[in-house]
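Participant: quick one: sequence and predicted model below, then my questions.
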Amino acid sequence: MRPKLAPENTTLLLLVVGATAVCGLPLLLLFKTGLTSEGSVAVGPLLEAIQSRSVQRALWHSIESSLWSALGASILGTCLALIIGLTDIRAKGLLVFLILLPMMIPPHVTAIAWIQALGPASPVLQWLGLAPEIGSTHPLYSREGLVFLLTLQHSPLVFLLVRAALRTFPRELSDAARISGAGAALMLRRITLPLLGPSLLAGFALAFVAALGNFGINALIGIPARYTTLPVLVWRRLASFGPDILPNVAVISVILAFVALFAILLQSLLQRRMRASLIGLPQDPLAISLGSRRILVESILWLFVAGVLLLPAASLLATSLVKTYGLPLSLETLTLDNFTEVLWRQTVTLRAFANSTLIAGLSAFVIAAMSLLLGYFLAHKNSGNRRLAGLALTQSEIAFAVPGLVMSIAFILAFIRPIPVLGISLYGTIWIILIAYVSVFLAVGLKPVMAAFLQMDASLEDAARVSGAGFFRRMRKIFAPLAAPSAASGAILVFLTAYNEVTVSALLWSTGNETIGTTIFNYEDGGYTTLAAAMSAVVVGATIFIMLAMNVLARRVPNGTIPWKD
C-alpha cells in the first residue's frame, strides 16, 4: 500500500498547485505565446514588435511617464512622510488617513474627477469664475497632465513605505546626533536620508511599476492627448480586432512584463548593496519641534490635502448633480436624476454593482482562506514545507507586480478554450474575472497574515502537537482565531481594491458581466459624463465607508496591518 500523505502535506500541495494554476501557468502561457515562432521558442516576434513605430512610441511613452511620475511621487511622498513622521505637527492620524485616501480611489475615477475639476466645463471653476474658455484645450490632456495625475495617484505608496521605515529606526541614532549638536537639517542629510536609501529605492520602483501598468489614467488622459502608452495600445488593438489579434498583443504584453520585472530586479539588486544593519529596538518616532513654524507647515499640509481631495471631489459631485455636463451648478440646474439613473433605472449599473460586489467578496473570502493556510506554512519550522509555500508566495508576488493588463491577456490565453478534461469554458463569463482577482490580489491579502503568523510563539505548535491535535484541529482552534483579524483586514483591502479596479477587468468583461470599474470607464468614454460622475461619487463614498470600517479592526490586528493606523 502507498503511504498516505499527512493532512498538512496534502493541504500544502493543493495550495501550491492552486497558486501555480492561477498565478504561474497563465504567465507561462503568455510568455510561450509571445516568444514562439513556428512552434519553437524564438525572440523573432519580440524583435519584430519592437521594430514597429507604434510599439516604440508607446514603449517610450510608458517608460517616460512612469519615470517622471515615479520621481515626482518619490519626492512628494518622502517629504510628506518626513514632515508627519519626524515633526510635532498635530492631527497626524487624520492627515495620514487623508493622504492615503487617493491610493484607495480607482485611477479612472481620479482621472474623471480631475478632468471635471480643471476643464472648461468644470462646475466649480465656473462658479468661481476661473474656468478656461469654452473650446480651449483641457490643461490635463498632455504628457505633463498625465504625469501629474500619476504622481498624485502613487505618491501615497511612497509615503507609506518611507513612513514605515522611519518607524523602524532606533532612537539612539537621532538622540546621539542631537546630543552632538546636529540640527534637524544636518541629521536629515547625514543620518536619516542615507538610512532611508533602500526604502526610497523601493518606493521609486513601486511607483514606477504602478504607473507602467496603470490603465485608467493612461487611457482617459493619454487618448485625448494622443500620448499612447503600452497598456492603452494593447487595449485598443484587442478592442478593435478581437481575439484574432491575441498573438500580437501577447508580444506587446511580454515587452511590458519584461520592463516591469527588470525594474523590480534592478531595485532588488541595488537594495542589497544599499542595505545597512541597524542595532537597537524601534521606538516612538521623533517629534522635532517646529516652534513658530508649526502653524505655517500645518497650513501648507492642509492646503495640499484640500487641493488634492476637495477640488476634484467637489467637481465630481457637482457634475453628478447637474442636468447636462457643462452647466454651472445652481438651483435651476440641480438634480438627483443622475443618481436615480445609475442606482435604480440603468440595468447595466445595477448589474455592475451586483457583479463587483459578488466577485470582489468571493475573491476576498478565497484569498483570506488561502492566506491563513499559506501563512501557517510560511512561518513553519519545517524547512521543506516553508520552501514549498515560498514557491506559492513568489508566484503571487510576480502576479501582483506584473501590470494588470498583462495578466488579463494571460488569462484570455489560458481560458479562451474550454478547460481540458472538464470541458468548461470560462472565457466570457464572470468567473474568469474572479480567478484573475484571486491571482493578482493574493499577495495583498497574504502580507498581513504572514506578519501575524511570524509574531506567534512557536511553542503554540509544540503544545498542540503534544496534546494530540491534528493539523485541521490546530488550525481551527489555535492559529485561525489568532490570525483571523489580520486575515479580515487583508480581505477588506482585497475587496476594496477589487471592487473598484478597472485594469484587470478591462479586457475580461463581457455583456452581462460588467464591473463597476468598466461601467464607469465606458460611461466616460462614451460621453455620458454626468452618469460617470454619479457612479464615481457612489464609489468614492463606498471606499471611504469601507476604510472607516477598517478602523474597527485596528486594535485587534498587528501594528502596521492597517496602513493608516500605527
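Facilitator: Happy to help now that I have it. Numbers count the residues shown, from 1 in each chain.
Participant: and for the strand or helix carrying L95, what's in contact with it?
Facilitator: If you go by DSSP states H and E, L95 is part of helix 92-104. Here helix 92-104 makes contact (C-beta atoms under 8 Å, 6 or more residues apart in numbering) with 80, 84, 89, 110, 152-157, 159-160, 163, 301, 305, 308-309, 496-497, 500, 543-544, 547, 563-566. (C-beta placed from N, C-alpha, C; glycine too.)
Participant: pull out the buried members of these.
Facilitator: 80, 84, 89, 110, 152-157, 159-160, 163, 301, 305, 308-309, 496-497, 500, 543, 547, 563-565 (16 or more other C-beta atoms under 10 Å).
Participant: returning to that earlier point: what are the buried residues along the helix holding L95?
Facilitator: 92, 95-104.
Participant: who are the packing partners of whichever helix or strand comes after that helix?
Facilitator: Per DSSP H and E, the first helix or strand lying C-terminal to helix 92-104 is helix 107-118. Helix 107-118 sits against helix 123-128, helix 143-166, helix 216-225, helix 294-320, helix 516-525, helix 529-550, with contacts defined as 3 or more C-beta pairs under 8 Å, 6 or more residues apart in numbering; DSSP states H and E.
Participant: hey, C-alpha coordinates of helix 107-118 in PDB?
Facilitator: C-alpha atoms of helix 107-118 as PDB (Å, rounded to 0.1, in the frame of the first residue of the first chain):
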ATOM      1  CA  PRO A 107      -7.300  55.600 -11.000                       C
ATOM      2  CA  HIS A 108     -10.000  56.100 -13.600                       C
ATOM      3  CA  VAL A 109     -12.200  57.800 -11.000                       C
ATOM      4  CA  THR A 110      -9.300  60.000 -10.100                       C
ATOM      5  CA  ALA A 111      -8.900  60.900 -13.800                       C
ATOM      6  CA  ILE A 112     -12.600  61.600 -14.300                       C
ATOM      7  CA  ALA A 113     -12.600  63.800 -11.100                       C
ATOM      8  CA  TRP A 114      -9.600  65.900 -12.200                       C
ATOM      9  CA  ILE A 115     -10.900  66.200 -15.800                       C
ATOM     10  CA  GLN A 116     -14.100  67.700 -14.500                       C
ATOM     11  CA  ALA A 117     -12.200  69.800 -11.900                       C
ATOM     12  CA  LEU A 118      -9.900  71.600 -14.300                       C
END
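Participant: ok, which of the helices and strands packed on helix 107-118 comes nearest I75?
Facilitator: helix 143-166 (8.4 Å; C-beta to C-beta).
Participant: and the closest one, how far from the chain's centre?
Facilitator: In this view, helix 143-166 has its centroid 12 Å away from the chain centroid, taken as C-alpha atoms, centre = their mean, to the nearest Å.
Participant: what mean pLDDT does that helix have?
Facilitator: On average, the pLDDT along helix 143-166 is 90.
Participant: got the angle between that helix and helix 294-320?
Facilitator: 130 degrees (axes from the mean of the first three to the mean of the last three C-alpha atoms, to 10 degrees).
Participant: any stretches of this structure with poor pLDDT?
Facilitator: By pLDDT under 70, the weakly predicted segments of the chain are 1-5, 37-42, 169-185, 189, 271, 274-287, 381-383, 553, 557-566.
Participant: what do you get if the cut-off is 50, keeping everything else the same?
Facilitator: 1-2, 281 (pLDDT under 50).
Participant: separation between the residue nearest to L149 when sequence neighbours are not counted and T228?
Facilitator: The shortest distance from L149 to any non-neighbouring residue, by C-beta to C-beta, 6 or more residues apart in numbering, is to I217 (5.0 Å). Distance, I217 to T228, by C-beta to C-beta, to the nearest Å: 13 Å.
Participant: more neighbours: the two, which one.
Facilitator: Applying other C-beta atoms under 10 Å to I217 and T228 shows that I217 carries more neighbours, namely 29 against 19.
Participant: pretty sure the more buried one is touching L150, no?
Facilitator: Yes: with contact defined as C-beta atoms under 8 Å, I217 counts as touching L150 (5.9 Å).
Participant: give the contact list for the residue nearest to L149.
Facilitator: 107-108, 110-111, 146, 149-150, 153.
Participant: same check, this time on S363
Facilitator: 434, 437-438, 441, 494-495, 498 are the contacts of S363 under C-beta under 8 Å, 6+ apart.
Participant: which of those residues fall in helices?
Facilitator: When DSSP state H is applied, the contacts of S363 are split such that 434, 437-438, 441, 494-495, 498 fall in helices.
Participant: returning to that earlier point: so can I have TSV of the helices and strands packed on helix 107-118 showing distance to S253?
Facilitator: TSV is the format used below for those (distance: least, C-beta to C-beta, whole Å):
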stretch	distance to S253
helix 123-128	39
helix 143-166	20
helix 216-225	15
helix 294-320	31
helix 516-525	19
helix 529-550	27
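Participant: those helices: which one's closest to A392?
Facilitator: helix 143-166 (24.2 Å).
Participant: what packs against that closest one?
Facilitator: By 3+ C-beta pairs under 8 Å, 6+ apart, helix 143-166 packs against helix 53-86, helix 92-104, helix 107-118, helix 197-213, helix 216-225.
Participant: just want the angle from the second one to helix 143-166.
Facilitator: Think helix 92-104. 130 degrees.
Participant: again with the first one
Facilitator: Taking the same axes, to 10 degrees, one finds helix 53-86 and helix 143-166 inclined to each other by 40 degrees.
Participant: next one: the third one
Facilitator: With the same axes, to 10 degrees defining the directions, helix 107-118 sits at 120 degrees from helix 143-166.
Participant: so for L350, which of the helices and strands packed on helix 143-166 sits nearest?
Facilitator: Comparing the helices and strands packed on helix 143-166 by C-beta to C-beta, helix 107-118 comes nearest, at 18.8 Å.
Participant: outside of that closest one, which residues touch it?
Facilitator: With C-beta under 8 Å, 6+ apart, helix 107-118 has contacts from 102, 122-125, 132, 138-140, 149, 152-153, 214-217, 219-221, 311-316, 318-319, 500, 502-503, 517, 520-521, 524, 529, 532-533, 536, 539-540.
Participant: now the helix or strand hosting A452: how far from the chain's centre is it?
Facilitator: Using DSSP H and E, A452 falls within helix 430-454. Remark: helix 430-454 is offset 12 Å from the chain centroid, using C-alpha atoms, centre = their mean.
Participant: and that helix, which residues are buried?
Facilitator: So for helix 430-454, counting by 16+ other C-beta under 10 Å, buried means 430-453.
Participant: that one packs against which elements?
Facilitator: So helix 430-454, by 3+ C-beta pairs under 8 Å, 6+ apart, packs with helix 347-378, helix 383-401, helix 404-415, helix 480-500.
Participant: distance between stretch 87-99 and the chain's centre?
Facilitator: So, by C-alpha atoms, centre = their mean, the centroid of stretch 87-99 is 22 Å from its chain's centroid.
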